[in-house]
Structure formats: C-alpha cells, structure tokens
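[1] the sequence and its predicted three-dimensional model are supplied below.
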Amino acid sequence: MRTSSLRLLLSLMLAITAPAFCATHTYTMIDLGVPAGDGFAVPRAINVSAQITGAAGPVDGEYSDVFVYGSGTFTNLGTLGGNSGIGNGINASGQVAGYSTNASGAYRAFISNGDSLIDIGDLGGGSAVAYALNDGGQVVGSSVTEDGSNHPFLYSNGQMIDLGTLGSPEGGEWWNSAEGINNSGAVTGYGYTSSGGLSGFTWSNGVMTALPNLGEEWTEAYAINNNGQVTGISANKKGDSHAFIANPDGKIKDLGAIGGKYAVSWGFGINDSGVVVGRVETDDGAYEAFVYNGKKMQNLNSLVKADPGWTLIEARSVNNAGQIVCTGENTQGNLHAFLLTPAQ
C-alpha cells in the first residue's frame with residue numbers, strides 16, 4: 001500500500017452533455033485556515049451544504065487527522081489509532097469516507113458514524129483505502145486481496161465487494177482502484193489490462209467497462225457525476241497528458257491544459273453541470289488549480305482576489321452550487337484549505 005509520509009499523502013491527495021456553466025465566473029474566496037494554531041489543512045471533498053473534509057496536522061507533518069469543516073468550525077475526527085488519516089469523500093448527510101493507519105500501522109478504509117470512524121474491512125489482504133462515497137453511504141476504494149493484489153471495491157450494506165479488474169496481472173505492483181461513485185451506484189476508477197496498459201473504467205450492476213482514452217492506453221479516472229460523466233487524466237496521441245470528460249455514449253473530450261506547451265492537467269472533480277476542477281503542472285513545474293466550465297480551462301488564481309502570498313495549487317472537488325475546495329500554498333510552503341464560491 002502507499003506510504004505514510006506527508007509528501008506522498010499530499011501527492012495522492014494530489015455527446016450527452018449536461019448543461020454547463022459557459023460564462024466566465026469569478027469567485028469569492030475564504031481561507032479556512034487550519035484547525036488549531038500553526039499547521040496544514042488539505043481539503044479533499046465538499047458536499048451540497050458546503051461541508052468539507054480532508055486532512056490536517058502540524059507543520060512538520062508528524063501526523064494527520066481527518067477533519068470536517070462546516071459553518072465556520074473544524075471538527076477533528078482523528079484516526080483509527082495510527083498517525084495518519086484523511087477524509088476523501090463527504091456525502092449530503094455529512095458522512096465521511098477515507099483511510100487511516102491503525103495502531104499497527106496498516107492502512108484501513110473507514111466510514112464515519114457521527115464523530116467516530118468505523119473500519120469497513122478489506123478483501124482479505126489486511127489493508128484497504130477509501131476514496132469516495134455517495135448519498136446512500138456506499139463507499140469505493142482499493143484493497144489488498146488474499147493473494148496480495150490490489151483490487152477496486154464497493155462497500156454496500158455492510159459488505160465489501162471485489163469489483164474485479166480489466167484483466168490486470170496479479171501481484172501488488174499492479175494498482176487497481178475505484179475512485180468515484182455517483183448516487184445511482186455507478187463507479188469509476190482505473191486499473192491495468194492484461195497487456196499492462198493503464199485504463200480508466202466504469203462499473204455498474206456487476207459489469208466493468210473500459211473507458212475510452214485520448215489516444216494512448218494510459219488513463220486514470222477519478223470522479224463520476226450523477227449523469228454518468230467521468231473526469232480524470234489521459235494521454236493523447238502526441239504524448240500529452242490532459243484532463244478529460246468522458247460521456248456515457250463513449251465520447252471523450254480533451255480539456256487541454258494551461259501553463260505551456262508541455263503542461264499536464266488532472267481532472268479531480270466534476271459536478272452534475274459538467275464543471276470540472278483539478279490541477280495543472282505548468283512547463284516550469286509549478287502547480288495551479290483550474291476550473292473548466294464547459295468552454296475552456298481557466299486558472300482559478302486569475303478568478304479570485306487572492307492574497308498575493310498564497311497560490312491555489314489544486315482544486316479537488318466542486319458541488320452542484322459551483323463551490324470549489326482548493327489547497328493553497330503560501331511563500332513559506334504552508335498549506336491551507338480554501339473555499340471558493342461563485343460571485344453573484
């Protein structure tokens with residue numbers, strides 16, 4: 001499974017088309033700060049009520065706790081007994097799913113029950129991580145199986161279901177994961193094929209289907225909306241890796257990138273209007289948060305009145321009101337959670 005270092009934790013943290021916001025929006029921005037004193041807060045998801053979850057801890061990254069933010073207040077949900085935890089998804093009821101280390105140092109997937117974290121088990125290999133949940137409390141992620149492979153799972157009605165793979169070779173070096181789920185129980189994620197290529201997939205009613213790609217067999221899918229649209233990252237025929245929207249009819253759109261000819265973009269979140277948010281790595285190696293509103297990709301730093309000491313480096317999630325949660329970094333390298341709301 002993935003290591004518990006802060007750097008890797010943050011990096012991991014790092015057609016039929018629904019009507020989209022085609023006009024350019026500006027945003028009001030709120031620095032949510034950190035739960036207590038000096039430290040970091042990295043947001044991962046926002047729900048319809050603007051409740052936010054993610055990970056927070058001290059500046060030195062010695063540990064991280066799961067947090068929920070709402071109505072101006074941070075609530076610390078802690079961990080499953082270890083020193084590392086993160087909330088990756090939050091549904092309309094305020095339930096959180098994510099993963100944490102336990103007292104033995106193993107990674108475990110959880111769902112919250114009030115202010116408590118509940119371990120939801122694994123596929124037989126002793127560890128699991130969760131990345132998203134829907135309003136019905138169904139959770140998706142990746143777990144180690146009895147033979148040491150990593151398989152995507154769906155946790156539903158108290159049971160963890162192995163979703164299988166697209167033909168992935170067996171063994172722990174092949175990472176297969178479910179990353180997103182919508183309210184109909186349709187799942188998206190990515191994994192390896194029998195040829196060793198990396199492909200996005202959707203899964204519904206027991207059937208896993210490979211997603212189209214932008215030209216090369218290298219795709220990771222991260223989120224799916226209630227219309228079945230998926231976003232992630234894929235390589236095109238020129239070798240460029242760009243964010244995309246894949247539609248249920250099999251069509252896929254390259255969203256491009258900003259920040260130079262060789263810039264790379266990731267789509268991490270998509271709402272029901274087809275608004276996509278994510279991150280770009282520019283030609284000079286800088287990270288910038290972006291929004292795609294159905295017309296073009298835009299740098300979120302150009303759409304807010306930001307403190308010049310802060311840069312929005314990643315947008316992770318967008319709700320149906322168009323509110324976006326971002327990670328911001330200041331000139332001292334500190335990380336804060338930011339909430340962006342479309343200006344009226």
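    Received it, and whenever you're ready, just let me know what you need.
[2] partner strands of the helix or strand where V129 lies, parallel or antiparallel?
    Element membership for V129, per DSSP states H and E: strand 124-133. Applying DSSP bridges, strand 124-133 is found paired with strand 139-145 (antiparallel).
[3] R279 versus L300, what's the distance?
    As judged by CB to CB, to the nearest Å, L300 and R279 stand 10 Å apart. Bear in mind the C-beta positions are built from the backbone N, C-alpha and C, glycine included.
[4] any shared contact partners between these two?
    Residues touching both L300 and R279 (CB atoms under 8 Å, 6 or more residues apart in numbering) are 288-290, 315.
[5] quick check: the nearest residue to G185 once chain neighbours are set aside vs V187, distance?
    Nearest residue to G185 in three dimensions, chain neighbours excluded: Q138, at 6.0 Å (CB to CB, 6 or more residues apart in numbering). Between Q138 and V187 the computed distance is 9 Å (CB to CB).
[6] compare L300 and R279 (neighbour count), which wins?
    Taking neighbours as other CB atoms under 10 Å, L300 and R279 compare with L300 leading, 27 against 24.
[7] residues contacting that one?
    Here L300 is in contact with 27, 277, 288-291, 312, 315, 324, 326, 340 (CB under 8 Å, 6+ apart).
[8] in the stretch 1-150 of the chain, where is pLDDT below threshold?
    For the stretch 1-150 of the chain, the stretches flagged by pLDDT under 70 are 1-24, 37.
[9] helices of that one, start to end?
    6-12 (DSSP state H, counting those that start in this stretch).
[10] which residue ranges of it form strands?
    Secondary structure of the stretch 1-150 of the chain (DSSP state E, counting those that start in this stretch): strands at 27-33, 40-46, 52-57, 65-70, 73-78, 81-90, 96-102, 107-113, 116-119, 124-133, 139-145, 150-156.
[11] just the C-alpha atoms of the third one, please, in PDB.
    Once non-C-alpha atoms are left out, strand 52-57 reads as follows in PDB (Å, rounded to 0.1, in the frame of the first residue of the first chain):
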ATOM      1  CA  ILE A  52     -15.700  19.900   3.700                       C
ATOM      2  CA  THR A  53     -13.400  17.000   4.600                       C
ATOM      3  CA  GLY A  54      -9.700  16.300   4.300                       C
ATOM      4  CA  ALA A  55      -6.600  16.000   6.400                       C
ATOM      5  CA  ALA A  56      -4.900  18.400   8.900                       C
ATOM      6  CA  GLY A  57      -1.900  18.300  11.200                       C
END
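[12] helices or strands up against it?
    Applying 3 or more CB pairs under 8 Å, 6 or more residues apart in numbering; DSSP states H and E, we find strand 52-57 packed against strand 40-46, strand 65-70, strand 81-90, strand 335-342.
[13] winner for burial among those strands?
    strand 40-46 (a mean of 27; mean count of other CB atoms under 10 Å).
[14] number of residues surrounding G158?
    G158: 8 neighbours (other CB under 10 Å).
[15] contacts only, for the nearest residue to V68 once chain neighbours are set aside.
    Nearest non-adjacent residue to V68, counting by CB to CB, 6+ apart: T75, 4.7 Å away. For T75, the contacting residues are 67-69, 115, by CB under 8 Å, 6+ apart.
[16] what about the helix or strand where M160 lies, average pLDDT?
    Counting by DSSP H and E, the element that carries M160 is strand 159-162. Averaged over strand 159-162, pLDDT sits at 98.
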